[in-house]
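Peer 1: Dropping the sequence and predicted coords here.
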Amino acid sequence: MPKNRRKISGTRVFFTVWIILTMVFLFFPIAQIILMSFNTSVYGRLPIVFTTQWYVKLFTTSKLLGAAGFSLGFSLVVSLVSAVLGIMASLALRKFPTRLNNIFNTLMDVPLMIPWLVQAVSLLLLFSFVGIGRSIPSMFLGCLAAVMPHSFMLTYSRVMTMDPYPEEAGRTLGATPFQVFRDITFRMIFPAVLAGWLMSFVLCFNCFSLQYYLAPFGTYTLPMKIFTLIRSGSKPDMNALATIMVGITFAIILILNKIGFGADQLFGAPRRGEKE
Amino acid sequence: MAEILIQNISKSFGKNKVLDDLSFEVKDKHFLTLLGPSGCGKTTLLRIIAGLEYSDTGSVIVGGKDITNVPVEKRNIGVVFQNYALIPNMTVFNNIAYGLKIRKVDRQTIQEKVEYYAALVGLGDLQGRKIGQLSGGQQQRVALARALIIEPPILLLDEPLSALDRKIRGEMQYEIRRIQQEVGITTVFVTHDQEEAMTMSDEIVLMHKGRIEQLDTPEQIYNHPISLYSSDFLGKANTLDATLDYENGKAYAVGDGWCFPVVPPAGIEEDLEDICLAIRGEQIEFEQITEEEALAARAAMDAAEEPVPTAVAQIETVVFTGEVCRISAKMGADDITIACINTRAESLRPGMYLKLIVPKDRIHCFRLGDSEKARS
């Protein structure tokens, strides 16, 4: 071995190990669930005896699929509305005078900080007072209120940092305000809108406490269903469902990356070796 | 094609008056430049003509039609922005074609026109490229083609060259002028660069704090500035404080250790009034003299009761800048910069004495009011 080989410093080793440990911590539980979904044992006993019976059960006798479908549909609607409202609020706010703008912006930060549990209880009080109580509309409004600030924040920061001149150029070329929005503004803010929409979707899918308080009796979202099932013991068909969801998520992330919407584009995180 | 009439335009942002009752005319097919330092209101004025900003008072008339209250998208005016303002997600072709697509022009015509204007601005076969793959100069050409393709009666350019490096800027100055003349389009150009203004324009509107300081051809403004501000903004001039002295019906500007015969500024009849002179460095002639001659000239001037025309300077530095040499010298108590062709300055060294000769009509005298205005 050549003697002038660069010495590997202790710090470097430390950080490499640290990163590996972090990744293991993040991904091991997911890997575990995937493995267990193919395991015959109900209680996750090793060694793994391969089976697909849980998948069969999931698609035949399990009650999880209905709840999962409802959660998906519900989150889709909420997140789409949240994305649209986020765009509208961002564009409106851009035209506001700076002081009003700051006030509104701060107000939008508050729901991000308030625990969902508190928000859920207060919303239930409000909806009961208004007379809609626990119902699909109140669950819809509740989840929307919880996720909207996220899509707003992402879209708004893009709107405020984007170059305003292409829009003006569009106007001078004869485009109406609507045409400018359709052809120029929307395309320029699209990555942020997409990120905001994804974020709202995931958050809405997950916001158990709001759903638990606001859902009408007899309606179960997936988190609520799992919550009730898990109290009567582990059910491997949940692992099967989780595996499918992880699979879909990975597919979406891969596709987004392929069509040019990596984390750098969506969330503005810098990517190495690339300049603006 | 059309002429532009600007009538009594005023505009304030809050308490800040940006444009103060401006009126002027741009003749058909002319290239007019709005020149001034940043914050003088030139961009605001351009945006008012474009319709991106509304004036508080006054009107904008293009080709005989009052467009003051017409919204931007109905004005049909070509605008090129400082930072190109190209639509980032579109190809070069789609950027250029955008105005025509909005007008629902058929595909065949769009194709032909894009070809024509891309060739006109010298874009060649870059139409399929994405905007991010173009250099600054190429982006500016796209912006120009995009503005011209809608065949507007007038073209507005807002500092289109300031983001380019020096060499490409020179190239684009020439290109923009060529295209403007080829298309024969009335053009308003905004810049803070006096050299750019002088090379490109038929006429220059020199602006100062929201008002027109001087409107004339580049030659006229350069050679006959009407104020100290004009003389100082277009090509840096030497400015000297002096006292006006009449002797036997002739006017002299007397400074600290020098004296020039001058044409007095209009309206000053009184003796001993404070004035300010502007002299361009390259309009100063000189001949080398010995130290004895220089001292004798000073002594003669100091001894005389009446003003004796004297302009003797001692060289402090000689800076070679290529074609031109800049000589910094001390004339009496004042600093003066002389510009000459570099071969003339070859034998000159710091410490040497020069006798300066400036024709009367090359010395511009201004009342002190003007100079104070320029310095504030």
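Peer 2: Received it, and whenever you're ready, just let me know what you need. Bear in mind that the values here come from a model prediction, so they are computed numbers and not experimental data. Numbers count the residues shown, from 1 in each chain, chains lettered A, B, ... in the order given.
Peer 1: Could you name the helices and strands sitting against the helix or strand hosting residue A:33?
Peer 2: Following DSSP states H and E, one finds residue A:33 within helix A:10-37. For helix A:10-37, the helices and strands in contact under the criterion 3 or more C-beta pairs under 8 Å, 6 or more residues apart in numbering or on different chains; DSSP states H and E are helix A:236-258. Heads up, the C-betas are built off the backbone N, CA and C, glycines and all.
Peer 1: before we move on, back to that, next SSE after the helix holding residue A:33?
Peer 2: helix A:53-59.
Peer 1: For that next one, the averaged confidence score.
Peer 2: Mean pLDDT, computed over helix A:53-59, is 79.
Peer 1: in that helix, what counts as buried?
Peer 2: Across helix A:53-59, burial judged by 16 or more other C-beta atoms under 10 Å in any protein chain shown covers A:54-55, A:58.
Peer 1: and chain B, which of its residues are near chain A?
Peer 2: B:50-52, B:72-79, B:81-89, B:98-99, B:102-103, B:143, B:146-147, B:150 (C-beta under 8 Å from any C-beta of the partner chain).
Peer 1: Could you turn the buried ones of those into a PyMOL selection?
Peer 2: Buried residues within the residues of chain B next to chain A, by 16+ other C-beta under 10 Å, are selected in PyMOL with:
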select buried, chain B and resi 50+51+52+72+73+75+76+77+78+79+81+82+83+84+85+86+87+89+98+99+102+143+146+147+150
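Peer 1: So which of the residues of chain B next to chain A sit within strands?
Peer 2: Secondary structure assignment (DSSP state E) places B:78-79 from the residues of chain B next to chain A within strands.
Peer 1: so what secondary structure elements neighbour the helix or strand harbouring residue B:175?
Peer 2: Here residue B:175 sits within helix B:166-183, counting by DSSP H and E. Helix B:166-183 is packed against helix B:107-120, helix B:136-148, helix B:194-200, with contacts defined by 3+ C-beta pairs under 8 Å, 6+ apart.
Peer 1: Show me where chain B dips below the pLDDT cut-off.
Peer 2: B:1, B:266-272, B:369-376 (pLDDT under 70).
Peer 1: make it 80
Peer 2: Low-confidence regions of chain B, defined here as pLDDT under 80, cover residues B:1, B:124-125, B:163, B:235-236, B:247-249, B:264-273, B:305-307, B:367-376.
Peer 1: how about the helices in it?
Peer 2: For chain B, helices defined by DSSP state H occupy the ranges B:42-50, B:72-75, B:92-102, B:107-120, B:136-148, B:166-183, B:194-200, B:218-223, B:228-233, B:291-303, B:368-375.
Peer 1: out of the ones you listed, nearest to residue A:30?
Peer 2: helix B:92-102 (42.5 Å; C-beta to C-beta).
Peer 1: roughly how far apart are residue A:109 and residue A:149?
Peer 2: 7 Å (C-beta to C-beta, to the nearest Å).
Peer 1: Let me see the confidence value for residue A:268.
Peer 2: For residue A:268, the predicted pLDDT is 62.
Peer 1: again with residue A:147
Peer 2: Confidence at residue A:147, expressed as pLDDT, is 90.
Peer 1: got the angle between the one helix or strand residue A:90 maps to and helix A:236-258?
Peer 2: Using DSSP H and E, residue A:90 sits within helix A:64-94. Angle, helix A:64-94 to helix A:236-258, by axes from the mean of the first three to the mean of the last three C-alpha atoms, to 10 degrees: 40 degrees.
Peer 1: and the stretch 51-200 of chain A, which of its residues are near chain B?
Peer 2: A:163, A:165-166, A:168-176, A:179, A:183-184, A:187-188.
Peer 1: Now do residue B:298 against residue A:41, distance only.
Peer 2: On the measure of C-beta to C-beta, residue B:298 and residue A:41 end up 112 Å apart.
Peer 1: same question, residue B:233
Peer 2: Using C-beta to C-beta, we find residue B:233 at a distance of 87 Å from residue A:41.
Peer 1: Could you check which of these two is surrounded by more residues?
Peer 2: Between residue B:233 and residue A:41, counting by other C-beta atoms under 10 Å in any protein chain shown, residue B:233 is the more crowded of the two (26 against 13).
Peer 1: What are the neighbouring residues in contact with that one?
Peer 2: B:35-37, B:194, B:206, B:213 (C-beta atoms under 8 Å, 6 or more residues apart in numbering or on different chains).
Peer 1: could you flag which of those are buried?
Peer 2: B:35-36, B:194, B:206, B:213.
Peer 1: Residue A:30: neighbouring residues, count only.
Peer 2: Considering only other C-beta under 10 Å, residue A:30 is surrounded by 14 other residues.
Peer 1: these two touch, right, it and residue A:246?
Peer 2: Yes: using C-beta atoms under 8 Å, residue A:30 is in contact with residue A:246, at 5.8 Å.
Peer 1: Now, the residues of the stretch 51-200 of chain A next to chain B that are in helices?
Peer 2: Using DSSP H, A:165-166, A:168-172, A:179, A:187-188 are the members of these that sit in helices.
Peer 1: so which of the residues you listed comes closest to residue B:355?
Peer 2: residue A:165 (55.2 Å).
Peer 1: So in terms of bridging, what pairs with the residue in the stretch 201-350 of chain B that chain A sits nearest to?
Peer 2: With C-beta to the nearest C-beta as the measure, residue B:205 is the residue of the stretch 201-350 of chain B nearest to chain A, at 21.4 Å. Assessed by DSSP bridges, residue B:205 has beta-bridge partners residue B:34, residue B:215.
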